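Quick one: sequence plus predicted model below, questions after.
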Amino acid sequence: MRLPPGRTRGPHWPHYPRRMPAQPAGSIPSSIAFLGPEGTFTEAALHSLGTHSEGETVPAPSVPAALAMARSGEVDAAFVPLENSVEGSVSPTIDGLAAGDPLVITREVFLEVDFVLATRPGVGRGDVRRVASHPHALAQTRGWVAAHLPGAEVVPAASTADAARLVAEGAHDAAICPEIAAARYGLDVVGTGLADTPGAVTRFVQVERPGRLPAPTGADKTTLTCFVADRTGVLLDLLTEFASRGISLTRLESRPTRERLGVYSFSVDCEGHVSDRRVGDALVALHRLCDEVRFQGSYPRADGRAAAPVHERFADGAFADAQEWVARLREGSAG
Ligand SMILES: O=C(O)C(=O)C[C@]1(C(=O)O)C=C[C@@H](O)C=C1
């Protein structure tokens, strides 16, 4: 099962891991930091786009480090995991985008993830006493590890590829990682199909300093973080602004603000682009309602799902008509 020596990248990149269909072109920054080291799912997702040569992609040791590189201008963009269909959101990304200098999402990519067990040549599955991986990967393979490596110590690593690198250095016995990471660090694959839920998908995002807003495509998403006062019904008020304009949410979660226990912000993905009148109108309302709304980008959706049909009541023309009507009233006309 071991890949031939030296076969790290190249012919197998386009084939594995599998990218989800309907990837939009998006904007192409010239340098991009990704959660590294080489061999992570994040790197695989980035390369699956086929838009970057190796020299333009820079491995970062962590999600906060990748975001810091984009904020400082050391690179044009960062590419990081945001959520997984089994394990949920990647909190260093959600929280890292909600605080600090603004960054906006300009592209999303979905990648199916599955894991292998990788060891140094000669170390069998029965020899594994310490197994390492990224916490999200450990969570997605908990059942497999309990069944096949009972009693092994489970150690978190900065990424799946970092776990593979540490195994190659002798720090741990085995890594749970992508097959490409096993190949990259010269490890043997001694177990495949480790995911407890086959077909799991991770969503990755490209983020940049504000300045480039991807053009609307008709199938877009907008991401926001809403900071609200701690008062009864505020979440209902917030949701009403979307529902009353026919805007479907694709993700909603609360995150602690770190101010004190019980004070949360809401991280929201909704359908539509800020240049759609209904989305712009909802943002106007949220700006009034919330202590702060952080706009985190409008970008083409890449999950292959069609946008929910927009009722004519919520189409751009309906908003334009209504605004013109009010303008006429303000000029003294009867409407
Ligand atoms: O460690 C990696 O390979 C990553 O790209 C990170 C990450 C994550 O953050 O969830 C990405 C996909 C998998 O779910 C496991 C780990």
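Happy to help now that I have it. Numbering: from 1, shown residues only.

With the ligand as the reference, measure out to Ala163.
According to C-beta to the nearest ligand atom, to the nearest Å, Ala163 and the ligand sit 8 Å apart. All C-beta spots, glycine's among them, are computed from the backbone N, C-alpha and C.

So which residues on the stretch 1-150 of the chain come close to the ligand?
Leu35, Thr40, Phe41, Thr42, Pro81, Asn84, Val90, Val113, His134, His136, Ala137 (C-beta under 6 Å from any ligand atom).

As JSON lines, those with secondary structure would be great.
Formatted as JSON lines, those follow (DSSP: H, G, I helix; E, B strand; the rest coil):
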{"residue": "Leu35", "secondary structure": "strand"}
{"residue": "Thr40", "secondary structure": "coil"}
{"residue": "Phe41", "secondary structure": "helix"}
{"residue": "Thr42", "secondary structure": "helix"}
{"residue": "Pro81", "secondary structure": "strand"}
{"residue": "Asn84", "secondary structure": "strand"}
{"residue": "Val90", "secondary structure": "coil"}
{"residue": "Val113", "secondary structure": "coil"}
{"residue": "His134", "secondary structure": "coil"}
{"residue": "His136", "secondary structure": "helix"}
{"residue": "Ala137", "secondary structure": "helix"}
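
Which one (most neighbours) among those residues?
For these, counting by other C-beta atoms under 10 Å, the largest number of neighbours falls to Leu35: 31 neighbours.

now the strands for the stretch 201-335 of the chain?
In order along the chain, the stretch 201-335 of the chain carries the following strands (DSSP state E, counting those that start in this stretch): 201-208, 220-227, 249-256, 264-271, 292-300.

got it, and the stretch 1-150 of the chain?
Per DSSP E, counting those that start in this stretch, the stretch 1-150 of the chain carries strands over the ranges 32-35, 57-60, 77-84, 88-89, 104-112, 116-119, 130-133.

Of all the strands of the stretch 201-335 of the chain, which one is nearest the ligand?
strand 201-208 (4.0 Å; C-beta to the nearest ligand atom).

Who does that closest one pair with, and is each partner parallel or antiparallel?
strand 77-84 (antiparallel), strand 104-112 (antiparallel) (DSSP bridges).

Go through that strand and flag the buried ones.
When burial is assessed from 16 or more other C-beta atoms under 10 Å, strand 201-208 yields the following buried residues: Thr202, Arg203, Phe204, Val205, Gln206, Val207, Glu208.

could you pick out which of those residues are near the ligand?
Okay, of the buried residues of strand 201-208 touching the ligand (C-beta under 6 Å from any ligand atom), that's Thr202.

which two from the buried residues of strand 201-208 end up farthest apart in space?
Using C-beta to C-beta, the buried residues of strand 201-208 span at most 20.2 Å, a distance reached by Thr202 and Glu208.

coming back round to it: can you tell me which of the strands of the stretch 201-335 of the chain is most buried?
Among the strands of the stretch 201-335 of the chain, ranked by average contacts under mean count of other C-beta atoms under 10 Å, first place goes to strand 201-208 (a mean of 24).

any residues touching that one, and which ones?
Strand 201-208 is contacted from outside by 20, 26-27, 29, 32, 41-42, 45-46, 67, 70, 76-85, 93, 97, 103-113, 136, 297, 303, using C-beta atoms under 8 Å, 6 or more residues apart in numbering.

let's see it at 6 Å
42, 45, 77-79, 81-85, 103, 105-113 (C-beta atoms under 6 Å, 6 or more residues apart in numbering).

Quick check: mean pLDDT of that strand?
Averaged across strand 201-208, pLDDT comes to 97.

Off-centre distance for that strand?
In terms of C-alpha atoms, centre = their mean, to the nearest Å, the centre of strand 201-208 is set 3 Å apart from its chain centre.

mind giving me CSV with the strands of the stretch 201-335 of the chain and columns for distance to Arg330?
Output for the strands of the stretch 201-335 of the chain, formatted as CSV (distance: least, C-beta to C-beta, whole Å):
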stretch, distance to Arg330
strand 201-208, 39
strand 220-227, 29
strand 249-256, 33
strand 264-271, 30
strand 292-300, 27
